[in-house]
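Visitor: coords please:
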Amino acid sequence: MRELQIAENEAGQRLDKFLAKYMKKAPKSFFYKMLRKKNIVLNGKKASGSEKLAQGDVVRLFLSEETIDGFSDTAKNAGKVPGKAAGKAGEERSPFRLTGSDIVYEDDHVLLLNKPAGILSQRADNRELSMTEYVIRYLLETGQLTEEELRTFRPSVCNRLDRNTSGLIAAGKSLAGLQELSRLFKDRSLKKYYLCLVRGRVEESQRIRGWLQKDRRTNRVTVHQRKNAPEDLFIETEYRPVSIIRDATLLEVHLITGRTHQIRAHLAGTGHPIIGDYKYGDRRVNDRFKKAYGLKSQLLHAHRMVFPEIAGPLAHLSGKAFEAPLPDLFSRILKEEK
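Guide: As a prediction, the model looks like this:
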């Protein structure tokens, strides 16, 4: 017999959903059969599976350990993030490790992190680690999360940055944090500002709009002035020049809508592509910066987040702004290109 006590991050969900997370490989029919036979009970009583769980509830599994483990993904595999991950041929990959210097802000519900360029926000496949896995490892190592808790609750990054874009990324540590951050990103009430270095002189602020069309085969987007297909997405980007250096301009960009490659493609469409961006940019200019500075990624950095007035578990963040410092190479280029 195994006894499970419902914690804060597990409360509010149906019993059958909780069981499906705890024993991911078991079919739904198994749970309902065990509930009918009272091999699974809630607070000592027979349950149907539709009950909403509350913090402190006790679920008892009158099953063998072999049965439970056989239907479960082990927490170690689900949450363990080693210092190195094996690729196709077992090569060492991504030596990044989340430390205090990467944390812009932390409380019981959220983590705001300064993501380096070159790391995924969220995992694309089973071979490569992302910021979500590094967050989980950090929480495990600091004792804020246990492997047992990972069976039914998984902290996660809530917004995406392109692999080669650095800067602020938000992760939910608790269920309440995950839900509230996801809502703020979805309704666009959390304002996001970026710094980028673009080709040419930009002397006026602009608010530009368009329609974004994605080619899934090439993972490339194009921007049009009108909607050409039902799947085209409306985009809106606002920017202002911060400083002009030689034949380039440092822009602050307010991302009003948040679409794949929006800033990169939208600015390229104005004739001012981001330096270091080989997909949408100017190869000649990019090659110059690569040769001079060893630049390997676009000079695009998620610089600032501003929270709206909010109630609930994140009310203490109402109206607050957080900034992530520029990467050293970005700062060096700005200094030496003056």
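Visitor: Looks to me like Leu267 is in a helix.
Guide: Yes. The assignment for Leu267 by DSSP: H, G, I helix; E, B strand; the rest coil puts it in a helix.
Visitor: how close does it get to Ile274?
Guide: 6 Å (C-beta to C-beta, to the nearest Å). Every C-beta, even on glycine, is put in place using the N, C-alpha and C of the backbone.
Visitor: intersection of neighbour lists for the two?
Guide: 196, 198 (C-beta atoms under 8 Å, 6 or more residues apart in numbering).
Visitor: Could I get the full set of helices for the stretch 151-300 of the chain?
Guide: With DSSP state H, counting those that start in this stretch, the ranges of helices along the stretch 151-300 of the chain come out as 175-186, 262-269, 283-293.
Visitor: a markdown table for the ones you listed, including distance to Glu238, mean neighbour count and mean pLDDT?
Guide: Formatted as a markdown table, the helices of the stretch 151-300 of the chain follow (distance: least, C-beta to C-beta, whole Å; neighbours: other C-beta atoms under 10 Å; pLDDT from 0 to 100):
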| stretch | distance to Glu238 | mean neighbour count | mean pLDDT |
| --- | --- | --- | --- |
| helix 175-186 | 18 | 19 | 94 |
| helix 262-269 | 10 | 23 | 94 |
| helix 283-293 | 24 | 14 | 96 |
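Visitor: Ok, which of those helices comes nearest Asp247?
Guide: For the helices of the stretch 151-300 of the chain, the distance to Asp247 is smallest for helix 283-293, at 8.3 Å, taking C-beta to C-beta.
Visitor: Mind checking what helix or strand follows the closest one in sequence?
Guide: strand 300-306 (DSSP states H and E).
Visitor: what packs against the helix or strand just after that next one?
Guide: For strand 300-306, the following helix or strand on the C-terminal side (DSSP H and E) is strand 321-323. Judged by 3 or more C-beta pairs under 8 Å, 6 or more residues apart in numbering; DSSP states H and E, the packing partners of strand 321-323 are strand 103-106, strand 300-306.
Visitor: Give me the residues contacting the helix or strand just after strand 321-323.
Guide: Using DSSP H and E, the helix or strand that directly follows strand 321-323 along the chain is helix 328-336. With C-beta under 8 Å, 6+ apart as the test, helix 328-336 has contacts from 166, 195, 197, 243, 245, 250, 289, 293-295, 299, 301, 326.
Visitor: how distant is helix 328-336 from the center of its chain?
Guide: 26 Å (C-alpha atoms, centre = their mean, to the nearest Å).
Visitor: what does stretch 25-39 give?
Guide: How far stretch 25-39 lies from its chain's middle: 34 Å, per C-alpha atoms, centre = their mean.
Visitor: buried sites along that stretch?
Guide: Within stretch 25-39, the residues scored as buried using 16 or more other C-beta atoms under 10 Å are 26, 30-31, 34-35, 39.
Visitor: same deal with stretch 291-310?
Guide: So, applying 16+ other C-beta under 10 Å, buried residues of stretch 291-310: 293, 295, 297-307, 310.
Visitor: Now do the end-to-end distance for that stretch.
Guide: 47 Å (C-alpha to C-alpha, to the nearest Å).
Visitor: what does stretch 115-128 contact?
Guide: 85-88, 93-94, 96, 102, 129-134, 156-157, 159-161, 163-169, 296-297, 302, 327.
Visitor: tell me the centre residue of this protein?
Guide: Compute the mean C-alpha point of the chain, and by C-alpha atoms, centre = their mean the closest residue is Val157, 3.2 Å away.
Visitor: Any figure for the gap between it and Tyr134?
Guide: Distance, Val157 to Tyr134, using C-beta to C-beta: 9 Å.
Visitor: Repeat that for Asn164.
Guide: From Asn164 to Tyr134 the distance is 17 Å (C-beta to C-beta).
Visitor: Next: Ala176.
Guide: Distance from Ala176 to Tyr134, by C-beta to C-beta: 22 Å.
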